[in-house]
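Participant: Just the structure for this:
(one chain, ligands or ions: 3)
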Amino acid sequence: MNETHIVTIERHIIEEERRRGASGSFSDILTDMAFAAKVISRQVNMAGLVDILGGTGTRNVQGEAVQKLDVFAQDVIYRAMDHGGRLCCMASEEFEEYIPIPDKFPAGDYVLVFDPLDGSSNIDLNVSIGTIFALYRKVSDAERGSLEDCLQPGLQQLAAGYVVYGSSTMMVYSAGRGVHGFTLDPSIGEFILSHPDIRIPDPPVRSYSVNEAYFDRWSPAMQRFMTDLKSGDASWSGGYSARYIGSLVSDFHRTLLQGGLFMYPADGKSPKGKLRLVYEANPLAFIAEQAGGAAIDGVQRILERTPEGLHERTPLFIGSSTLVEAVGSYLGSEG
Ligand code: AHG
Ligand code: MN
Ligand code: MN
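Facilitator: Ligands and ions are numbered 1, 2, ... in the order given. You can find the predicted model right below:
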């Protein structure tokens, strides 16, 4: 690459802001998230060397064992965001209730929802993990935000993004004008534009991503879809490879770049699915649609759902539009 064509994420965010005529606050939040991602990335890459591996011995609101990096990532994002005067409140996978801005700081007009560290079960195994986030405008008349502000339909998202801490650290975001990927150059501590205007390939590379160990717990329609996906006579049947990392951000990132279909269906054990609507499914659905793909819960568009609770779970089918439509034609008929 010609050195003069380096576009940092900060520059990209400002240029996007000018195109949208957005307020600086909006851009500042995205820039602060990029800073938090750099700090988390450093810790993730050092995790094997400093005493930060393993669990804290506590459980989060989901009843899941909290890993030290979860707590670290939560703390880094909170501290990056609490004082800037741009947010009215936040919501995180790691907190039961929504998170107000401390009274000592001014409150702003935006809401941040996030999963500070996704794929926690993989932390000690050196498998890629990630951070997921989305931004909304405050809608309630509560001066310093409210739960209502955190429970908006995904269609109201102003921006969404994720960070994948993998063989390199990448930050991918959309502010409603396409999806753009940035790779961290640790030698200069900058996210550099490496994947401009990402589009989900359709037809895709033929890969699907689902935890097939749960096959026996799925509905008959879901089982029929999987059978037909692998060996049916539809145009989209056959020739697939299975790829499942068990880290939503990594499985989604591959699906975004190569196309295909990521699925986390409802099953007998998780009747509403496992993944959370507010800070996992909605942000990724926003990105998938901005990249020309689709995301449904099996029956309806993820972005049209109105969350009833911060930690509400949902089934998720996301990726190349033709495959999302195909699985929807099987599950939608379930009624
Ligand atoms: P988190 O670590 O934030 O709780 O998310 C874990 C999720 C998601 O990353 C992944 O897709 C899914 O758990 C894997 O679940 P299974 O182990 O049931 O396949
Ligand atoms: Mn998660
Ligand atoms: Mn998490």
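
Participant: Enumerate every residue touching residue 164.
Facilitator: Under the criterion of C-beta atoms under 8 Å, 6 or more residues apart in numbering, the contact partners of residue 164 comprise 128, 129, 130, 170, 172, 249, 250, 253. Yep, even glycine has a C-beta here, placed from its N, CA and C like the rest.

Participant: what's the answer for residue 327, then?
Facilitator: By C-beta under 8 Å, 6+ apart, the contact set of residue 327 is 225, 229, 261, 263, 296, 298, 317.

Participant: Could you measure from residue 262 over to residue 281?
Facilitator: In this view, residue 262 and residue 281 are 11 Å apart by C-beta to C-beta, to the nearest Å.

Participant: Residue 273 too?
Facilitator: Shown here: residue 273 relative to residue 281, a distance of 8 Å by C-beta to C-beta.

Participant: What about the residue in the stretch 1-150 of the chain that ligand 2 sits nearest to, how many residues nearby?
Facilitator: Proximity to ligand 2, evaluated over the stretch 1-150 of the chain using C-beta to the ion, is greatest for residue 118 at 3.4 Å. Residue 118 has 29 neighbours, counted by other C-beta atoms under 10 Å.

Participant: That one and residue 133 touch, don't they?
Facilitator: No. Using C-beta atoms under 8 Å as the test, residue 118 is too far from residue 133 to be in contact (10.5 Å).

Participant: follow-up on the earlier one: overlap in contacts, residue 262 and residue 281.
Facilitator: Taking C-beta under 8 Å, 6+ apart as the contact rule, residue 262 and residue 281 both touch 316, 318.

Participant: who's more crowded, the two?
Facilitator: Taking residue 262 and residue 281 together and counting by other C-beta under 10 Å, residue 281 has the greater number of neighbours (31 against 27).

Participant: which residues sit in contact with that one?
Facilitator: With contacts taken as C-beta under 8 Å, 6+ apart, residue 281 has the following neighbours: 154, 275, 295, 297, 302, 314, 316, 318.

Participant: For it, grab phi and psi.
Facilitator: Recorded main-chain torsions at residue 281 are phi -70, psi -50, according to degrees, to the nearest 10.

Participant: and if you look at residue 66?
Facilitator: Geometry field for residue 66 lists phi and psi as phi -90, psi 120, criterion degrees, to the nearest 10.

Participant: pLDDT value on it, please?
Facilitator: Note for residue 66: predicted pLDDT of 73.

Participant: Can you name the residues of this protein sitting close to ligand 2?
Facilitator: Taking C-beta under 5 Å from the ion as the measure of proximity, the chain contacts ligand 2 at 115, 118.

Participant: care to break the chain down by domain?
Facilitator: The chain resolves into domains spanning 3-195, 207-332 when parsed by automatic domain parsing.

Participant: so how many other residues sit close to residue 272?
Facilitator: Other residues lying near residue 272 total 14 when counted by other C-beta under 10 Å.

Participant: whoops, residue 156 was the one
Facilitator: One way to gauge burial is a neighbour count; for residue 156, by other C-beta under 10 Å, it gives 17.

Participant: Run through the bridge partners of the residue lying closest to it once chain neighbours are set aside.
Facilitator: Leaving out its chain neighbours, the residue that sits closest to residue 156 by C-beta to C-beta, 6 or more residues apart in numbering is residue 136, at 5.5 Å. Beta-bridge pairing of residue 136, defined through DSSP bridges, involves residue 111.

Participant: residues touching residue 136, list them.
Facilitator: The neighbours of residue 136, taking C-beta under 8 Å, 6+ apart as the test, are 110, 111, 113, 149, 150, 152, 156, 157, 158.
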